[in-house]
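Peer 1: Attaching a predicted model along with its sequence, questions to come.
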Amino acid sequence: MKYHDIIEDGRLVLHFAGKFTYKDADIIDLIINEFTNDCVRFISIDMSMTTHIDDAALGMLLYFNQRLVENGGLLTIENPIGDVATALFNAKLNEIVYIINPSFEPRKFSSSEEIV
């Protein structure tokens, strides 16, 4: 998984691209520790470029949410597409985390987009 972050409208926005799997645990731990210790309260994860999510990654999102809630914060997931959106809803994350603008249509990549 590749990611980058920006501050937008007073909240941190993380953009995840590619496959989000158990292999990303160290990255997620780093993000959680860096931003929850910096008193960031509102974090959005844009998953519009996330092509795959596994069970371990779903668990990481739950842990991320728990850490934010413990500190009075809020996690939102934005723009999940296709199988990623389906996985989030099948795992019932929508009952715990706000999921904004999901699309259950398969992700269509242009020839210039890199799939990781």
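Peer 2: Thanks, I have it. Numbers count the residues shown, from 1 in each chain.

Peer 1: what's the longest helix in the chain?
Peer 2: Taking DSSP state H as the criterion, the chain has its longest helix at helix 55-70.

Peer 1: From the contact counts, what lies against that helix?
Peer 2: helix 25-37, strand 42-53, strand 74-78 (3 or more Cβ pairs under 8 Å, 6 or more residues apart in numbering; DSSP states H and E). In short, each C-beta sits where N, CA and C put it, glycine included.

Peer 1: ok, the shortest one: who's next to it in the sheet?
Peer 2: Taking DSSP bridges as the criterion, strand 74-78 sits next to strand 42-53 (parallel), strand 98-100 (parallel) in its sheet.

Peer 1: Quickly compare the ones you listed and say which is most buried.
Peer 2: strand 42-53 (a mean of 21; mean count of other Cβ atoms under 10 Å).

Peer 1: any weak-confidence spans in this protein?
Peer 2: 8-10, 36-39, 106-116 (pLDDT under 70).

Peer 1: related to what we said a few turns ago, report the angle between the longest helix of the chain and helix 25-37.
Peer 2: Here helix 55-70 runs at an angle of 10 degrees relative to helix 25-37 (axes from the mean of the first three to the mean of the last three Cα atoms, to 10 degrees).

Peer 1: Rebuild the strands paired with strand 74-78 as JSON lines, extending it with distance to Glu34.
Peer 2: Compiled in JSON lines, the strands paired with strand 74-78 are given as follows (distance: least, Cβ to Cβ, whole Å):
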{"stretch": "strand 42-53", "distance to Glu34": "11"}
{"stretch": "strand 98-100", "distance to Glu34": "22"}
